[in-house]
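Chemist: Just to be clear, the model below is a prediction. Sequence and coordinates:
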Amino acid sequence: MISYIIGRLLQAVPVLALASIAVFSVLRLIPGDPADIIAGEDATPAEVEVLREQLGLSDPIPVQYVRWIGELARGDLGVSLRTGVPVTELLELSLPPTLELAAASYVIALVIGIPLGTIAGVKPRSLWDWGLSLFTVGTLGVPSFLLGVLLLWLFAVTLGWLPASGRVSPLNDPVDSMRHLALPAIALGTGLAAVLARYTRTTVQAAMGQDYIRTARAKGLKDYQVVVRHALRNSLIPIVTIVALQLGNIMAGAVVIERVFTRPGLGRLVVDAILNRDYIIVQSTLIILVVIFIMVNLAADLAYGLLDPRVRRR
Amino acid sequence: MSVSFPELTYTSRRERLVRESMFWGSLDRLVRNPQGLLGLVILGLLVGAAIFAPLLTWHEPNIQNASARFMPPSLEHPFGTDELRRDLYSRTLFGLRVSLALSLTSVTIGSTIGIMFGFFAGYVGGWVDAVMMRLIDALLAFPGLLSALAIVTILGPSIRNVAIAIAFFSVPSFARLSRAQMLAERNKDYVASAQALGAGPVRIVFRHIAPNAIAPLLTQVALFIASAVSVSAALSFLGLGERAPDASLGGLINTAKSNLQKAWWYPTFPGLALALLLLSLNLLADAVNDAINPFARRRA
């Protein structure tokens, strides 16, 4: 197990290094002199020079990269070019609402996806299975932001049951917080629910044909015990990987969904930063997201090894 | 004693093509599959509507010439009008045109680069392959929409840059898949015999291996066109795509969002066009997969 963990950790190092170089390049790849572009058209040469010093753009590129990594390691993400506010402060405000949305979407996806997939897998070609196919086909055609607009229109604008925009911190008012979270989380979680349901269906159906299921039945276990304790338990292992791999899509989807429901969060921060050409914010947010993504996938791989001893030996 | 083999007889030229040609055989299986046929018909209608948009509409998409704002659907304006008295029917058709053209070009470019990259890495092998694949791993660490956002940041928001971003993020997946295909084919006997005949690496890769390795990549192309449609619509929805007054499906849904109380038809028709486009592409991808790979067809 130890060698598996070490091997997996070592694999993550070059990926992290290359990903950080890619993000670092974002600022350097802007056509023309970044300092000129960032300073704007009506900046004086002196102002541009100050900015160039400030960004350290006159140093050789490798020096700039090492310095940037050093700053990141110390938790210094730079300051907004527009407002001078440290990016860490902006992220402290923007990250919690987005993580909250991502977590709620995962809950919805798991609560719908796993049971639906299990039932469809146990009873292939049943009404449930047919319903799952219909659900999957539906989600393929409707991207999350379109579903978001539909939900907004139906439940917020027409019926007025739920608020159309904004966010309330769960620490201030848990109930109102949930009301604000419900529609965005459904919009974002539904697509993932279909993905999870399809995987669960496939793995459960495969598991139901195994000998250990016949053994469990022969022991006289009840149907639900056979399914939940034996078939589902083994089927959930690959689901761990799917859940981790989908994190990137969920975070990216959150950026768009926040726009639909006018929620504060990373989405607003990043999109505004792009439109204002505030590159430092974009660069810092990207590196944070990529590091989270790589770490979660690493954790999923390690969990996989823990849950399924066969993986370790490969 | 001579042995005579029975001649294969076909009732028609068509049957012969279907039996002997991989392309026509796959196409035949594709249209025999109800899913594939449905996908093909819907996609055909949408592509037709996009290509012939100037002939099928009678209002300029960007001209504010309708008599009133937010007119409900009528014979004159089948999809109603928007906040600037523009005809939503022509805006939807022209928006569809933008989405389709953008997705097709960007995926064609991205898949070509990715396949070349993967074939090269897989054929050469060794440390070159290892280095190239770590690079691809790093790119895959970025979820598609995020790397698209990063590229639009570098190049600035515009429809052309969205296309570049989509082409860019489709490269790593195609590189991965085509490398795997190359590894599977590289050591087969027909490659060895081509080498023995003195064929050079370029000829071996493109004349011999590519035709055998390309089939699974076609499914990927169809899936990526669907994801390109979806990502470009999301970027337009965020206001990072086309510039006003041009229309795109995502952009139309974005402006519709602010006018939900006033006009139910505003999000409905562009939304429907987007949903049908994505649905038909996904159905088609599934059917293409079944058609070119009869062994993988579901047992059901």
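Modeler: The structure has been received and is ready for your questions.
Chemist: Now the element after the helix or strand A:Leu181 falls within, going C-ward?
Modeler: Element membership for A:Leu181, per DSSP states H and E: helix A:174-208. Using DSSP H and E, the helix or strand that follows helix A:174-208 towards the C-terminus is helix A:211-218.
Chemist: in chain A, what spans have low per-residue confidence?
Modeler: A:27, A:30-34, A:37-38, A:40-41, A:311-314 (pLDDT under 70).
Chemist: got the angle for the helix holding A:Leu181 vs helix A:211-218?
Modeler: Computed with axes from the mean of the first three to the mean of the last three CA atoms, to 10 degrees, the direction of helix A:174-208 lies at 100 degrees from that of helix A:211-218.
Chemist: wait, does helix A:174-208 contact chain B?
Modeler: No. For helix A:174-208, no contact with chain B is found by CB under 8 Å from any CB of the partner chain; the gap never falls below 10.0 Å. For every residue, glycine as well, the C-beta is placed using N, CA and C.
Chemist: That helix: which residues count as buried?
Modeler: Burial within helix A:174-208, assessed by neighbour count using 16 or more other CB atoms under 10 Å in any protein chain shown, is assigned to A:177, A:180-201, A:203-205, A:207-208.
Chemist: quick one: it to chain centroid distance?
Modeler: Taking CA atoms, centre = their mean, to the nearest Å, one finds helix A:174-208 lying 14 Å from the centre of the chain it belongs to.
Chemist: now for chain B, which residue lies nearest the mean position of the chain?
Modeler: B:Ile225 (2.1 Å; CA atoms, centre = their mean).
Chemist: Where does that residue fall, secondary structure wise?
Modeler: helix B:215-237.
Chemist: Then B:Arg85?
Modeler: Secondary structure (DSSP H and E) places B:Arg85 outside all helices and strands.
Chemist: show me the contacts for it.
Modeler: With contact taken as CB atoms under 8 Å, 6 or more residues apart in numbering or on different chains, B:Arg85 is in contact with B:64-69.
Chemist: gap between A:Thr262 and chain B?
Modeler: Counting by CB to the nearest CB, to the nearest Å, the separation of A:Thr262 from chain B is 9 Å.
Chemist: Check for me that that residue belongs to a strand.
Modeler: No. When DSSP: H, G, I helix; E, B strand; the rest coil is applied, A:Thr262 is found to be coil, with no strand at that position.
Chemist: Which phi and psi values does the nearest residue to it once chain neighbours are set aside adopt?
Modeler: Setting aside the residues directly before and after it, A:Thr262 is nearest to A:Ser165 in space (CB to CB, 6 or more residues apart in numbering or on different chains), at 3.7 Å. For A:Ser165, the backbone dihedrals (degrees, to the nearest 10) come out as phi -150, psi 170.
Chemist: Assess the claim that A:Ser165 and A:Arg263 are in contact.
Modeler: Yes. Contact criterion CB atoms under 8 Å: A:Ser165 and A:Arg263 qualify, at 7.1 Å.
Chemist: who has more neighbours, those two?
Modeler: A:Arg263 (22 against 13; other CB atoms under 10 Å in any protein chain shown).
Chemist: That one contacts A:Arg167, correct?
Modeler: Yes. Contact criterion CB under 8 Å: A:Arg263 and A:Arg167 qualify, at 4.9 Å.
Chemist: what's the burial count for residue 155?
Modeler: You didn't pick a chain, so chain A it is. As a burial measure, the neighbour count of A:Phe155 was computed by other CB under 10 Å and equals 17.
Chemist: ah, no, chain B please
Modeler: Other residues within reach of B:Leu155, judged by other CB under 10 Å, total 16.
Chemist: can you check A:Glu49 too?
Modeler: The burial metric for A:Glu49, expressed as a neighbour count using other CB under 10 Å, is 14.
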